[in-house]
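# What follows is a predicted protein model with its sequence.
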Amino acid sequence: MTSIALPASWPDYTVTKQKKSEADAETPLFTRHPRNPILGRKDWPYPINSVFNAGAVKLADGDTLLLCRIEDRRGLSHLCAARSTNGVDGWRIDDEPTLMASPRDFPEEIWGIEDPRITYVPELQQYAIAYTSFARGGPGVSLALTKDFRSFERYGVIMPPEDKDAALLPGKIDGRWALIHRPVTTLGAHMWISYSPDLRHWGSHKVMLEARRGGWWDANKIGLCSPPIETARGWLVLYHGVRHTASGSIYRLGLALFDLDKPDLCLQRGDSWIFGPEAPYERGGDVSDVVFPCGQTIAEDGDTINLYYGAADSCMALATGSIRALLGWLDLHCSSTSAR
Ligand code: BMA
């Protein structure tokens, strides 16, 4: 029998298939907390419509802080901090908005501020909050620094519309700050990375991850979820993919790994989504079928991820996963690059 030599880059389907079936038999990569949703409209000390898409951080005193997007009853959003000792319940919520849009000084925030991603920056000893500012020109990316989530130094818009889904990396790369963001261009809605010497002037823009095309779950529109997680193997990045269907959009999560020193270099990208709307609070709400994480904390074991996500643009939920398991999953699930 003649054997046909396959190109070296082709996956070994026998091995892959066997490994895949072993992996699929494992537990899901993220487990929903039994107390979900962990925060909702009724928990708020003042009247609101919804609470979702919170940035998350573990404070120096051990508390978990969620900087929640609050949509008021005009439909406009601001940010409000909630603190908890265990990151699950007992939330102490600021009595009034923590960070409001300030359209007099920043007209690009006239329709509110949304979807914060928080990065602790050791060199500045401050938290950097990248958030969406919304105005007539569309959504743009704004930046604010804070030490305590009580007073803020606002940098205003750093990426003009249409742009969103941004987070700062925690340290400089080759002497420059790096920001991941999602501009919408005629090329599509892809993830980009840009660099700056001073957090104000940005350049060296590069596409970091492209939305796939056609029938894929992450075709046409993707964006960063929570800030990248630094691991020994690279930046572990959760991103959302938006599937447009006849009955609306489905927001699901995918996984990719990027080089630590060259974060625009994608090392691995999973083929299938790893988390999607299934629970009733994710399937139904103001915007159905949405899971949208903007933040996570890492437990003291250095492995457990507490992923905080907005569910159906209505409430906040929590799911836990493992960095080791996510990296292991990537090794088994990133075979096809050709079908993009
Ligand atoms: C995206 C963002 C998110 C929102 C999602 C689903 O474009 O605006 O804030 O959760 O849509 O509505």
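Thanks, I have it.

# Strands of the stretch 1-150 of the chain, start to end?
31-32, 50-58, 64-71, 77-84, 92-93, 113-121, 126-135, 138-146 (DSSP state E, counting those that start in this stretch).

# quick one, the last one and strand 64-71 angle?
Read it as strand 138-146. 150 degrees (axes from the mean of the first three to the mean of the last three Cα atoms, to 10 degrees).

# what does the second one give?
Orientation note: strand 50-58 sits at an angle of 150 degrees relative to strand 64-71 (the same axes, to 10 degrees).

# how about the strands of the stretch 1-150 of the chain in a markdown table, adding distance to the ligand, mean neighbour count and mean pLDDT?
C-betas here are computed from N, CA, C, even on glycine. Listed next are the strands of the stretch 1-150 of the chain as a markdown table, based on distance: least, Cβ to the nearest ligand atom, whole Å; neighbours: other Cβ atoms under 10 Å; pLDDT from 0 to 100:
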| stretch | distance to the ligand | mean neighbour count | mean pLDDT |
| --- | --- | --- | --- |
| strand 31-32 | 18 | 17 | 98 |
| strand 50-58 | 5 | 26 | 98 |
| strand 64-71 | 7 | 26 | 99 |
| strand 77-84 | 8 | 22 | 98 |
| strand 92-93 | 20 | 16 | 98 |
| strand 113-121 | 5 | 23 | 98 |
| strand 126-135 | 7 | 24 | 98 |
| strand 138-146 | 7 | 22 | 98 |
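
# possible to save the ones you listed as JSON lines with distance to residue 164?
Shown next, in JSON lines, are the strands of the stretch 1-150 of the chain (distance: least, Cβ to Cβ, whole Å):
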{"stretch": "strand 31-32", "distance to residue 164": "26"}
{"stretch": "strand 50-58", "distance to residue 164": "11"}
{"stretch": "strand 64-71", "distance to residue 164": "12"}
{"stretch": "strand 77-84", "distance to residue 164": "12"}
{"stretch": "strand 92-93", "distance to residue 164": "25"}
{"stretch": "strand 113-121", "distance to residue 164": "7"}
{"stretch": "strand 126-135", "distance to residue 164": "4"}
{"stretch": "strand 138-146", "distance to residue 164": "5"}
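
# wait, what's in contact with the residue lying closest to residue 316 once chain neighbours are set aside?
Nearest non-adjacent residue to residue 316, counting by Cβ to Cβ, 6 or more residues apart in numbering: residue 39, 4.0 Å away. Residues in contact with residue 39, defined by Cβ atoms under 8 Å, 6 or more residues apart in numbering, are 51, 54, 66, 68, 82, 91, 315-316.

# How about residue 302?
Counted by Cβ under 8 Å, 6+ apart, residue 302 has contacts residue 323.

# same check, this time on residue 168
117, 119, 121, 128, 130, 143, 177-179, 199, 227.

# Tell me what angle the helix or strand containing residue 317 forms with strand 77-84.
Using DSSP states H and E, the element containing residue 317 is strand 315-322. Relative orientation of strand 315-322 versus strand 77-84 (the same axes, to 10 degrees): 60 degrees.

# Spell out which residues of the protein are next to the ligand.
Counting by Cβ under 6 Å from any ligand atom, the chain comes close to the ligand at 53, 114-115, 251, 287, 290, 292, 310, 313.

# Report the two of the residues you listed separated the most.
Spatial extent of the residues of the chain next to the ligand (Cβ to Cβ) is set by the pair 114 and 251 at 14.6 Å.

# Could I get the contacting residues of the residue nearest to the spatial centre of the chain?
By Cα atoms, centre = their mean, the chain has its centre lying nearest to residue 225, at 1.2 Å. Residues near residue 225 by Cβ under 8 Å, 6+ apart: 165, 237-240, 253, 292-294, 309.

# can you list those in a markdown table and add neighbour count, secondary structure and distance to residue 206?
A markdown table is the format used below for the contacts of residue 225 (neighbours: other Cβ atoms under 10 Å; DSSP: H, G, I helix; E, B strand; the rest coil; distance: Cβ to Cβ, whole Å):
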| residue | neighbour count | secondary structure | distance to residue 206 |
| --- | --- | --- | --- |
| 165 | 24 | strand | 16 |
| 237 | 24 | strand | 15 |
| 238 | 24 | strand | 20 |
| 239 | 26 | strand | 16 |
| 240 | 24 | strand | 20 |
| 253 | 25 | strand | 23 |
| 292 | 24 | strand | 25 |
| 293 | 26 | strand | 24 |
| 294 | 30 | strand | 23 |
| 309 | 32 | strand | 27 |
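
# Take those and write them to CSV, including distance to residue 190 and pLDDT.
Shown next, in CSV, are these (distance: Cβ to Cβ, whole Å; pLDDT from 0 to 100):
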residue, distance to residue 190, pLDDT
165, 11, 98
237, 13, 98
238, 16, 98
239, 10, 98
240, 13, 98
253, 17, 98
292, 18, 98
293, 19, 98
294, 19, 99
309, 22, 99
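
# Which of these sits closest to residue 46?
residue 294 (21.6 Å).

# The closest one and residue 262: what is the separation?
Applying Cβ to Cβ, to the nearest Å, the value for residue 294 to residue 262 is 25 Å.
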